[in-house]
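J.: What follows is a protein structure lacking sequence information:
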């Protein structure tokens, strides 16, 4: 963190090694060889080169490329559309998914059997039967064993299928990132793109493994319990239809709200990642210019925005479950009241009433579990919406049909102009240039004057707004991108 050159001292100033960074920016000293001149401030002398480079980069970003922005979802996808697309990724693993569903059916059957077993148990208390007393405990153990096996198969099978689906989606995302055009990366924050591959995919994996298992298993148990309740006493069960429309409207409202908040969380997570990426990648510039306070405030704002969105999600999720359970409790209260009235008239005996209550409690518990996972399901759907939004973007167009076997190195620009998307001025204006094979040409000019833009037209990272560019006599629009980019050389170290 200090200048490591022994014996070097700033003229008319302190030894640089004896100063910390904050003090170094405040110290006044003159450049070597400037004896007798007015002292320049340490920031002006020490940071001139860095400031010039930083200002040049900012100018280039302003004039040569549009500003980095967050990546919005082009249009919100509906739930059925997302489900159909996700099922397309599930199809290769249909056998695992099918086994998982069988496990869920086993769990639902176990819950139904437990409600049915209440009848012979209560009857055995009313009129003891030695034969029934022998086989009832064995049946109870067998039912619990069935539920345990079904639970293991369903959870493991769904987790396997979900992780495979997310793995395939991540591969699709990587393929898409390698095929997107360069302007996409100019206009989109890298942290936002990284967040889609990491955070959004993780949200989808969480929903696909545990949440979907709970949703399907609870739905099957609710259907089985409801059917059993209808079989035992359909008149009592019809009372639930008084509350069901209200429950449906409540769930629909909170589902939409949770989906909107989940989208907001994804956007703000991407923004937070983008801020951290710039803070970490530019830590030298931040420290040289004393920008710690600015970056601290900027990162704090991003973190607080994410906190506010997550708090809203917690509030909506916390309100959804009690409301749904409260409405269900109203239906249960009406049913029990009507059942007690029927029992007084002798139309409902004790074993049937006990089995009915057990099935009703089971249904209520599954409904409670189903309402509790709504937030997780909406997070998963919002993540899928975000991922598919990126996958659906158009690839870089490649309409060339001519492949260069070897290049002689002749380049000819004919009145070429270039204006980047989102800017109001040309990066290049009416440029004509001819470079012969073997000729060395130096592009000299101020930062932001279009030197890099001129070179980036050769591999077709950008398309000219007007004019034509020829390579070895071929219009570059007729050349394939693969052969054209073999001419490009840029050193980059990959780990």
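T.: Looks like it came in fine. Because the structure is predicted, anything quoted here is derived from the model rather than measured.

J.: Pass me the low-pLDDT residue ranges in the protein, would you?
T.: Filtered on pLDDT under 70, the chain yields the residue ranges 1-79, 209, 244, 346, 372, 487-495.

J.: how about the most centrally placed residue in it, what does it touch?
T.: By C-alpha atoms, centre = their mean, the chain has its centre lying nearest to residue 200, at 1.8 Å. Taking C-beta atoms under 8 Å, 6 or more residues apart in numbering as the criterion, residue 200 is in contact with 266, 383, 386-387. For the C-beta atoms, the positions are set from N, CA and C on the backbone; glycine is no exception.

J.: Tabulate the residues you listed (a markdown table), appending distance to residue 228.
T.: Listed next are the contacts of residue 200 as a markdown table, based on distance: C-beta to C-beta, whole Å:
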| residue | distance to residue 228 |
| --- | --- |
| 266 | 41 |
| 383 | 36 |
| 386 | 41 |
| 387 | 40 |
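
J.: closest to residue 204 among those?
T.: The nearest member of the contacts of residue 200 to residue 204, counting by C-beta to C-beta, is residue 383 at 4.3 Å.

J.: what comes up buried for the helix or strand that closest one falls within?
T.: Taking DSSP states H and E as the definition, one finds residue 383 inside helix 374-391. Buried residues in helix 374-391, counted by 16 or more other C-beta atoms under 10 Å: 374-390.

J.: Mind giving me the packing neighbours of it?
T.: helix 79-90, helix 130-179, helix 201-206, helix 212-232, helix 244-281, helix 292-344 (3 or more C-beta pairs under 8 Å, 6 or more residues apart in numbering; DSSP states H and E).

J.: Now the element after it, going C-ward?
T.: Immediately after helix 374-391, counting by DSSP H and E, sits strand 411-418.

J.: The helix or strand that that following strand is followed by pairs with which strands?
T.: Downstream of strand 411-418, the first helix or strand assigned by DSSP H and E is strand 428-435. Using DSSP bridges, the strands paired with strand 428-435 are strand 411-418 (antiparallel).

J.: any residues touching the strand it pairs with, and which ones?
T.: 426-435, 450, 453-454, 457-458, 462, 464-471.

J.: let's see 7 Å
T.: Applying C-beta atoms under 7 Å, 6 or more residues apart in numbering, the set of residues contacting strand 411-418 from outside is 426-435, 453, 457-458, 462, 464-471.

J.: Just the buried ones from the residues you listed?
T.: 426-428, 431, 453, 457-458, 462, 464, 467, 469-471.

J.: Could you dump the residues you listed into TSV and include distance to residue 85?
T.: Shown next, in TSV, are the buried ones among the contacts of strand 411-418 (distance: C-beta to C-beta, whole Å):
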residue	distance to residue 85
426	41
427	39
428	41
431	45
453	38
457	37
458	38
462	32
464	37
467	42
469	40
470	43
471	41
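
J.: what's the closest of those to residue 110?
T.: Of the buried ones among the contacts of strand 411-418, the one sitting nearest to residue 110 (C-beta to C-beta) turns out to be residue 462, at 62.7 Å.

J.: Give the full set of residues in contact with the closest one.
T.: 182-183, 418, 456.

J.: Which of the helices or strands spans it?
T.: Going by DSSP H and E, residue 462 is not in any helix or strand.
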